[in-house]
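> fold the following, please.
(2 chains)
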Amino acid sequence: MAAPQKIILAAGLEIRDSQGASMLQYLGKEAQAGAKDTWTYPKGPVAKAKFIIKVVYTMDEFRKALDEAGAWVVYEGHSRYGQGPAFGDARIAHCPPKSKYPVNPWGVHFRMGYDATDSECVGDILEHAVNPTEFDLLSVPKGALLPEGLEDAAALAAAAESRRKKGRLSRTERKTPCAVVGAWRDLKTCFAKVAAEKTCRGDTPLDGRHYYKRIPGKTKDEFITAVKVGRADLDASSLKCAVFFMPSCSSKVHYRRALVDRRKAARSKCKFFLTSSVPLANHAVNFLKAAFAGIDPSTRRGSEAFLKIVNGEKRSGRVRLH
Amino acid sequence: MPVQPFLLEQALRVSDEKDVRNSPIVTAIILQDPANAADLVPYLDETGSVVSTNARRILCLFDAAAVPHVVTALANRTPAARMEGLDVIWTLLVTETAPVVRDTLEQISAGLEPLLSDRRPVPLELPSHIERDFVGRICDQAFLVVSELIDPGFDESRFRSLDEEGRDRAIAQLRRGGFGRGLV
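Residues are numbered from 1 along each chain as shown, chains lettered A, B, ... in the order given. Reported below is the predicted structural model:
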């Protein structure tokens, strides 16, 4: 009898309380509970198990999962705007208190992205009380790997800065420098009150930060900035897993490039299933259902059948094999 | 072979507990004729209902031959159904070879026009725990689906970062250049 297939389900912070809870409920109903956070399928003697399913909640476990030969790995969690998977305790607040979390788990990521990503000053940095390293759009290192949207933003910021230095701003722009489209602007200079806002942790992470786009809101404006990411964690991975399914917001947009590069460099054969938009479906459950129904996503025919199942669910996030 | 309306209804009413995809009505009758896909599309209007959920699940089991029928049937549908329809088109083509994708897109280019010019916002409320992501309008999503079907590595970050005017220009460029050429 063939060895059971290992499935490792990594549940990211916050999502572990929603989709993750559905996953546990499904496992509780369909599979046989074993050691901590481990199940076998089908129910019955463990010796006859076709699948061993392990649910993990930490970055170290996720890291090991990607390196586990032949494993099928699922990360169901936040993309964190392209900053990387993040893990944490159950029911963690958007602003975890410093007393309990000296290191804010919202700011700790498995790095597997571009050199930088765009993020929100209010919706992310203030909301999660994080302080990501700013990526200076005016001094982009030669050869930096950026998403095209951020490349454009850097070019626009550089052009605005060049016009300013050469005294070529229009009269209106000179009068209202904070309104120069695409300029890399100091938030403190332009919106001092926003820049001075304190998080529940007592920090002022917007102080000294820059933005390149302002999005007016009904109650609060949003300011788009650039933050450093990189791919150091992924580049240390052997990617020996056979399948990696990443149903998190626009995982294809944020992580495809680094994943494909790493697969090539590591001579890995891992198959990636990534989403092109927001997945709201219970995809870890859908993955298990497909596996239990005999679909092997590591094969060509199995991957096709798998895509029909996952994309057949509403708000699938448009999954594709990469 | 056209499917009898009562059989279609019977399949679509299957509860979530039983997977509709295993129903003999689906496997032995509905999926036998790609034209049957058109009969399922109107049910996508019924947002939040089991018939809508089942209609999408069944639609995604067809292959590329059903795409023209789906596109035609989307002509007068609600924004919600159009969004679902775009996801269905995606599913039916995403596993196909590049030549099949291009040929199919060329074949349905007229049918895609109403989708590529639908400026209504995508009816999607993101739950508060989901980070903000690009949603846009129906035409934006149609653009992204077509662009990514043509080029799996298409970097949509540029399109996403444009304002509506810029996205309109990119969509117009795609429409003018034909599918597979002239992408932003």
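> the lengthiest helix in chain A close to chain B?
Counting residues, the longest helix found in chain A (DSSP state H) is helix A:148-165. Yes - contact of helix A:148-165 with chain B (CB under 8 Å from any CB of the partner chain) involves A:148, A:149, A:150, A:151, A:152, A:153. Heads up, the C-betas are built off the backbone N, CA and C, glycines and all.
> can you show me the strands along the stretch 101-250 of chain A?
A:116-120, A:185-186, A:210-211, A:213-215, A:222-228, A:243-246 (DSSP state E, counting those that start in this stretch).
> so in that sheet, which strands flank the second one, and in what orientation?
I take that to be strand A:185-186. Strands adjacent to strand A:185-186 in the sheet, as given by DSSP bridges, are strand A:210-211 (antiparallel).
> how far away from the center of its chain is the partner strand?
Offset of strand A:210-211 from its chain centre (CA atoms, centre = their mean, to the nearest Å): 22 Å.
> give me the contacts around the longest helix of chain A.
A:114, A:116-118, A:137-138, A:140, A:146, A:169, A:173, A:177, A:180-184, A:212-213, A:226, B:155, B:157-161 (CB atoms under 8 Å, 6 or more residues apart in numbering or on different chains).
> those residues, buried ones only, as a ChimeraX selection?
To isolate the buried subset of those in ChimeraX, counting by 16 or more other CB atoms under 10 Å in any protein chain shown, use the following:
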select /A:114,116,117,118,137,140,146,169,173,180,182,183,184,212,213,226 /B:155,157,158,159,160,161
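> rewinding a little: closest one to residue B:118 out of the residues of helix A:148-165 next to chain B, please.
residue A:149 (23.3 Å; CB to CB).
> what's the pLDDT at that closest one?
Looking at residue A:149, its pLDDT is 97.
> the most centrally placed residue in chain B: helix or strand, and which one exactly?
By CA atoms, centre = their mean, chain B has its centre lying nearest to residue B:86, at 1.9 Å. Per DSSP states H and E: residue B:86 is located in helix B:79-93.
> and the helix or strand residue B:56 falls within, how far out from the chain's middle?
Element membership for residue B:56 (DSSP H and E) is helix B:50-59. On the basis of CA atoms, centre = their mean, helix B:50-59 sits 13 Å off its chain's mean C-alpha point.
> after that helix comes which helix or strand?
Using DSSP H and E, the helix or strand that directly follows helix B:50-59 along the chain is helix B:67-73.
> so who does residue B:80 touch?
Residues near residue B:80 by CB under 8 Å, 6+ apart: B:44, B:45, B:47, B:123.
> ok, of those, which come out buried?
Among those, those classed as buried by 16+ other CB under 10 Å are B:44, B:45.
> mind putting the contacts of residue B:80 in JSON lines, distance to residue A:27 and secondary structure included?
Output for those, formatted as JSON lines (distance: CB to CB, whole Å; DSSP: H, G, I helix; E, B strand; the rest coil):
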{"residue": "B:44", "distance to residue A:27": "31", "secondary structure": "helix"}
{"residue": "B:45", "distance to residue A:27": "34", "secondary structure": "helix"}
{"residue": "B:47", "distance to residue A:27": "29", "secondary structure": "coil"}
{"residue": "B:123", "distance to residue A:27": "33", "secondary structure": "coil"}
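> give me the below-cutoff pLDDT ranges for chain B.
Along chain B, the parts satisfying pLDDT under 70 run over B:180-184.
> switch to 50 and redo it
Counting by pLDDT under 50, chain B has low-confidence residues at B:181-184.
> write out the residues of chain B neighbouring chain A.
Close to chain A, as judged by CB under 8 Å from any CB, chain B has residues B:21, B:52-53, B:56-57, B:59-61, B:84, B:87, B:90-91, B:94-95, B:124, B:126-127, B:129-135, B:141, B:144-145, B:148, B:152-153, B:155-161.
> give the contact list for residue A:302.
A:295, A:296.
> so it is in which element?
Per DSSP H and E: helix A:300-311 holds residue A:302.
> same check, this time on residue A:8
Assigned by DSSP H and E, residue A:8 falls within strand A:5-11.
> so what are the sheet partners of that strand and their directions?
Using DSSP bridges, strand A:5-11 pairs in its sheet with strand A:51-56 (parallel), strand A:72-76 (parallel).
> could you identify which of the ones you listed is most buried?
strand A:72-76 (a mean of 26; mean count of other CB atoms under 10 Å in any protein chain shown).
> please tell me how far the residue nearest to the spatial centre of chain A sits from residue B:132.
Most central residue of chain A, judged by C-alpha distance to the mean C-alpha position with CA atoms, centre = their mean, is residue A:79 at 1.8 Å. Per CB to CB, to the nearest Å, residue A:79 is found 11 Å from residue B:132.
> can you check residue B:19 too?
In terms of CB to CB, residue B:19 sits 33 Å off from residue B:132.
> hang on, the earlier thing: redo the residues of helix A:148-165 next to chain B as TSV? Include neighbour count.
Listed next are these as TSV, based on neighbours: other CB atoms under 10 Å in any protein chain shown:
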residue	neighbour count
A:148	17
A:149	20
A:150	26
A:151	18
A:152	17
A:153	25
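> any buried residues in the helix holding residue A:302, and which?
A:302, A:303, A:304, A:305, A:306, A:307, A:308, A:309, A:310, A:311.
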